[in-house]
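1. Build me a structure from this.
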Amino acid sequence: MAHDSLYAAPPSTGAETERAAGRLAGLRAALGSWDAAVVAALVLAVLLAGVSVQNFATGRNVQFLLLDLVPLALLALPMTLIVITGEIDLSVASTVGLCSTLMGQLWLSSGLSLELICVLVVLLGGALGAVNGLFVTGFGLPSLAVTIGTLALYRGLSFVVLGDQAVADFPASWTAAAVRNIPGTSIPVAVVPVLLLALVFGVVLHATSTGRALYAMGNNDQAATFAGVSVARTKFWLFVASGAVCGLVGIFWTLRYASARGDNATGLELTVVTAVLLGGVSIFGGRGGLLGVVAGVLLLGVLRNALQLADVDANALTIVTGALLIASVVLPNAVADVRARLHRRRQRANPVAP
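-> Model (predicted):
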């Protein structure tokens with residue numbers, strides 16, 4: 001009888017059962033989340049485009065698709081954090097355009113090295129973002145109104161800087177580097193800094209106290225303040241970060257197309273906001289994550305690229321973008337409302353259930 005204990009199954013504990021139930025509930029929640037739906041839609045879009053759209057799966061097209069996604073992905077990173085706090089920055093495309101024209105003007109007339117010009121352009125982008133941050137946090141103005149105003153202001157200034165002319169005589173080594181692939185692949189080198197920045201923003205948002213504070217601000221500014229969060233300072237620096245990233249995008253845009261123009265990146269702000277909301281970030285703040293946004297960026301890029309290869313009119317692309325923007329606002333709230341009703345119905349049917 002003494003040996004029976006060697007073969008006896010260890011008794012299960014209530015704690016182990018609760019942990020298993022918790023893991024199962026977490027898995028169900030993840031599979032049923034908006035992020036999972038966006039990832040599934042991305043996989044489906046890639047498969048359908050690869051089968052039905054000619055040249056979609058070629059290495060050349062993959063290169064162009066990823067190059068098109070670099071500005072969108074970069075701008076979506078700080079935009080995600082800003083929207084999670086309950087704010088928005090609609091001036092990003094105009095900031096990119098102004099940074100591009102100032103880069104062209106400095107190269108044309110200052111005699112400075114291109115390396116120094118790039119540093120100055122990033123600093124300028126940060127300063128333009130600081131203007132937004134000052135009006136929003138210093139004067140308490142709505143970010144929607146402020147950034148609509150600077151959208152027009154910065155775009156107008158970009159035409160003041162260069163007028164209707166374009167600066168295109170950038171060094172060939174720089175313009176070639178902007179579109180160069182990683183050796184042996186169809187992946188542009190420019191994707192690497194995007195991934196590094198995405199990692200940085202992801203760690204800040206999901207693994208630091210700063211990220212928790214951003215969600216708290218999006219849910220309730222006053223409660224976050226009472227909890228010791230410096231709401232105004234944090235939001236100010238988010239706008240500065242957004243502007244600095246706009247400076248990086250302005251440099252990339254200028255070198256990729258070898259042209260500094262006042263109309264560079266016109267309309268890009270709509271696509272950026274669409275990608276962020278499509279990725280599951282709530283327009284009201286306090287909800288969302290970077291993984292969903294990355295999937296949203298890729299999904300939007302794949303759809304636009306496939307439609308372009310299918311010779312769909314540019315106006316139709318705008319319609320698709322607008323439709324996705326509306327859907328990304330309406331559908332998550334509709335799904336949350338249905339889930340809340342089902343939960344209330346289950347509670348009424350079984351009051352003992354949690």
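
2. Could you pull out the helices in the stretch 251-354 of the chain for me?
-> In the stretch 251-354 of the chain, the helices defined using DSSP state H, counting those that start in this stretch lie at 268-278, 290-309, 314-349.

3. Deepest in the core, which of these is it.
-> Neighbour counts averaged per stretch over the helices of the stretch 251-354 of the chain are highest for helix 268-278, at a mean of 25; criterion: mean count of other C-beta atoms under 10 Å. Glycine gets a C-beta too; all of them are placed from N, C-alpha and C.

4. packing partners for that helix?
-> The criterion is 3 or more C-beta pairs under 8 Å, 6 or more residues apart in numbering; DSSP states H and E, and the helices and strands that helix 268-278 contacts are helix 59-84, helix 92-109, helix 290-309, helix 314-349.

5. between that helix and helix 92-109, how many degrees?
-> Helix 268-278 runs at 140 degrees relative to helix 92-109, counting by axes from the mean of the first three to the mean of the last three C-alpha atoms, to 10 degrees.

6. Please write out the alpha-carbon positions of helix 268-278 in PDB.
-> The C-alpha trace of helix 268-278 is given here as PDB (Å, rounded to 0.1, in the frame of the first residue of the first chain):
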ATOM      1  CA  LEU A 268      -2.200  61.600 -45.700                       C
ATOM      2  CA  GLU A 269      -3.700  62.500 -42.300                       C
ATOM      3  CA  LEU A 270      -7.000  60.800 -43.300                       C
ATOM      4  CA  THR A 271      -5.200  57.600 -44.000                       C
ATOM      5  CA  VAL A 272      -3.200  57.700 -40.800                       C
ATOM      6  CA  VAL A 273      -6.300  58.300 -38.700                       C
ATOM      7  CA  THR A 274      -8.100  55.500 -40.500                       C
ATOM      8  CA  ALA A 275      -5.300  53.000 -39.900                       C
ATOM      9  CA  VAL A 276      -5.200  53.900 -36.200                       C
ATOM     10  CA  LEU A 277      -8.900  53.500 -35.700                       C
ATOM     11  CA  LEU A 278      -9.100  50.500 -37.900                       C
END
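
7. burial of Leu255, as a residue count?
-> Other residues near Leu255 number 23, with proximity taken as other C-beta atoms under 10 Å.

8. now swap in Leu42 and tell me
-> The criterion is other C-beta under 10 Å. On that basis, Leu42 has 20 neighbouring residues.

9. Just give the closest residue to it, not the sequence neighbours.
-> The spatial neighbour of Leu42 that comes closest, neighbours along the chain excluded (C-beta to C-beta, 6 or more residues apart in numbering), is Leu299 at 4.4 Å.

10. pLDDT weak spots in this protein?
-> Across the chain, the ranges flagged by pLDDT under 70 are 1-32, 351-354.

11. Point to the residue nearest the middle of it.
-> Centrality entry for the chain: nearest residue to the mean C-alpha point is Ala76, 2.1 Å, by C-alpha atoms, centre = their mean.

12. any idea how far Val200 is from Leu77?
-> Computed with C-beta to C-beta, to the nearest Å, the distance linking Leu77 and Val200 is 8 Å.

13. Look at these two and report which has more neighbours.
-> For Leu77 versus Val200, the count of surrounding residues by other C-beta under 10 Å is larger for Leu77: 26 against 11.
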